[in-house]
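**Student:** Need coordinates for the following:
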Amino acid sequence: SLAASRKCFVDGALTGELINGLLLGVGPALYFYYDRLGERLPEGLDPTTNAADRIFPRFALHHLPPGLAGAWIAAMLAAAMSSIDSGINSAASVLSAARNGGESRDVGKAGSRGIAEAKLLTLVLGLSVTAAAYGLDVLTAGRNIIDMMGRSFNCFNGPLGALFLLGMFAPRVGDRGAFAAGVVGLGVSLGIAYGKELFGLTEPLSFTWVQPCSLAAALTTGTLSALVFSERPATDGARPR
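**Tutor:** This next block holds a predicted model:
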């Protein structure tokens, strides 16, 4: 019901704020431990450089009681895997359904073929994500985790936001236009985020420009594509292809 949906939204928002508060408390707690209590940082861990990312993991491994340190490592790995595998499974489902015309398959008849395709797509996507992670590690060398997150996750937010906006407010933009908008938006994101590594820029733009510039580029590309591809709204109410 509507009331239950509202209650779930409020509960989810409050829980998210609680989790964010706990995460924000980690930094001040480490500062208090090493600065106020007189504990010295290990040699080579300078909090003003990218080595600061190793302070909390080292604290967890060397100062947490036995069992709790292992639980922390397991929680970190589980959080990373849960985010990645859900995306891979969703992508495999969407690509498999699109390949078969968007129709659901009968598991009793031809479903085995669809399951095999989904498994293959999951394997290919998993290997691709693993390779991308190694490449990202090279691109983000010398940066701390805050800067790295801004230049990594933000690369996808602008193009995704543009696709949603085009889908809701630009009915003349079809599949080809949406694909072009996504490609251009992602290219702009990567160019701004990793201009120093990819193009040798001496003064790269701040990562705060990644989202607005990629969003603008994707929206512009999608809008112009409707004129180039001469796409028109479908008469039956369905989206043009």
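**Student:** Now find how far off-centre stretch 50-58 is within its chain.
**Tutor:** 22 Å (Cα atoms, centre = their mean, to the nearest Å).
**Student:** what residue of the chain is the furthest out?
**Tutor:** Centroid-distance maximum for the chain: residue 38 at 38.5 Å, with Cα atoms, centre = their mean.
**Student:** Could you check how far the most centrally placed residue in the chain is from residue 22?
**Tutor:** A centroid search over the chain (Cα atoms, centre = their mean) returns residue 153, at 4.5 Å, as the residue closest to the centre. Noted for residue 153: a distance of 20 Å to residue 22, by Cβ to Cβ, to the nearest Å. In this view, the C-beta of every residue, glycine as well, is placed from N, C-alpha and C.
**Student:** Which strands or helices does the one helix or strand residue 118 maps to pack on?
**Tutor:** When elements are defined using DSSP states H and E, residue 118 is found to belong to helix 111-139. When contacts are defined as 3 or more Cβ pairs under 8 Å, 6 or more residues apart in numbering; DSSP states H and E, helix 111-139 sits against helix 68-99.
**Student:** tell me the angle the helix it packs on makes with helix 111-139.
**Tutor:** Here helix 68-99 runs at 130 degrees with respect to helix 111-139, directions being taken by axes from the mean of the first three to the mean of the last three Cα atoms, to 10 degrees.
**Student:** For the chain, give me the ranges with low pLDDT.
**Tutor:** Segments of the chain classed as low confidence (criterion: pLDDT under 70) are 100-111, 230-241.
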